[in-house]
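Novice: let's see this in three dimensions:
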Amino acid sequence: MARKVDDAVFDDPDLVRGLIGWDLQDRYSVTSYRSAAAILAQRAPEELAAIRAILEGFWISATEIRSPGGNRMAATGRFGRLAAARGFHQEVRIEADLLIKLRAGTGAGAPEIDRIVREDYIHNHLVDFWKGRVAFDYEWNSKDQTYDRDLYAFRSFFEAGVIDVGVIVTRELSNGFFQSLGNCLDKDGNETARTVAAKFGASTTGTHKLISRIAAGRSGGCPVLVFGILPGNITAA
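Specialist: Numbers count the residues shown, from 1 in each chain. Got it, this is the predicted structure:
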């Protein structure tokens, strides 16, 4: 019997939790693609410890969700400060030219007869955070096409030999959860007529949209670890 693609490329959840020593299951879901958790644990334990510390210290309040700000709300800045405190560089871009050499003959000393430089062969792909062998992105309320950009950036960093794994933190919150928060607030803290559920529409980010893109191979061979923000990570104030 043929196996589903998901069975072949996504790792066993119990094994994943064991590898990363996870104790925040009420606050985040975790999904590992192509042994991302094992690679982090074995090849980048310092970066894994830093990511765990960031996630342990990160909370979002219901008031922040109800307030204006979108993907740049106060919690996003707070996440960035936590990452910086753990040694992650922010807004890291990769750029590269490709040098092509042509040689006549098959021997080790075959003479070079031409060379071509393809400028901007890798051009300006951006990750939110980078440290060591890990690229790390945070997405709260962008258009879901942002995931394509993130995964392609991971792929570029990975294929260039810069990273071993990519990590994305995004939300895993249902429409029912957003409905439970009632109406949005304006910049002065007054309640508006718009509902929070309407603010977080069908075209914005969520783990189900990210994981379907990963399953489709959008990150190429780059292993990816996904943390989904759960209702347990949302405080009342």
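
Novice: stretch 25-36: end-to-end distance?
Specialist: 18 Å (C-alpha to C-alpha, to the nearest Å).

Novice: who's in contact with that stretch?
Specialist: When contacts are defined by C-beta atoms under 8 Å, 6 or more residues apart in numbering, stretch 25-36 is touched by residues 9-11, 13, 16-17, 19-20, 22, 37-38, 55, 165-167, 169, 172, 207, 211, 214-215, 219, 221-230, 232-233. In this view, the C-beta of every residue, glycine as well, is placed from N, C-alpha and C.

Novice: now which of those would you call buried?
Specialist: 9-11, 16, 19-20, 22, 37-38, 55, 165-167, 169, 172, 207, 211, 214, 219, 222-230, 233 (16 or more other C-beta atoms under 10 Å).

Novice: just the ones of those in helices?
Specialist: Among those, the ones falling in helices (DSSP state H) are 9, 16, 19-20, 37-38, 55, 207, 211, 214.

Novice: now distance to residue 151 and pLDDT too, for the residues you listed, in JSON lines please.
Specialist: Shown next, in JSON lines, are these (distance: C-beta to C-beta, whole Å; pLDDT from 0 to 100):
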{"residue": "9", "distance to residue 151": "13", "pLDDT": "83"}
{"residue": "16", "distance to residue 151": "19", "pLDDT": "94"}
{"residue": "19", "distance to residue 151": "22", "pLDDT": "91"}
{"residue": "20", "distance to residue 151": "21", "pLDDT": "89"}
{"residue": "37", "distance to residue 151": "17", "pLDDT": "96"}
{"residue": "38", "distance to residue 151": "20", "pLDDT": "96"}
{"residue": "55", "distance to residue 151": "20", "pLDDT": "97"}
{"residue": "207", "distance to residue 151": "13", "pLDDT": "94"}
{"residue": "211", "distance to residue 151": "11", "pLDDT": "95"}
{"residue": "214", "distance to residue 151": "7", "pLDDT": "96"}
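
Novice: name the SS class of residue 154, please.
Specialist: Secondary structure, DSSP: H, G, I helix; E, B strand; the rest coil: residue 154 is helix.

Novice: just checking, it touches residue 219?
Specialist: Yes: using C-beta atoms under 8 Å, residue 154 makes contact with residue 219 at a distance of 5.0 Å.

Novice: now for the two: what residues contact both?
Specialist: With C-beta under 8 Å, 6+ apart as the test, residue 154 and residue 219 both reach residue 166.

Novice: related to what we said a few turns ago, quick one: which of the ones in helices among the buried ones among the contacts of stretch 25-36 is nearest to residue 136?
Specialist: residue 55 (10.8 Å; C-beta to C-beta).

Novice: list the contacts for the closest one?
Specialist: Residue 55 neighbours (C-beta under 8 Å, 6+ apart): 24, 27-28, 169, 227.
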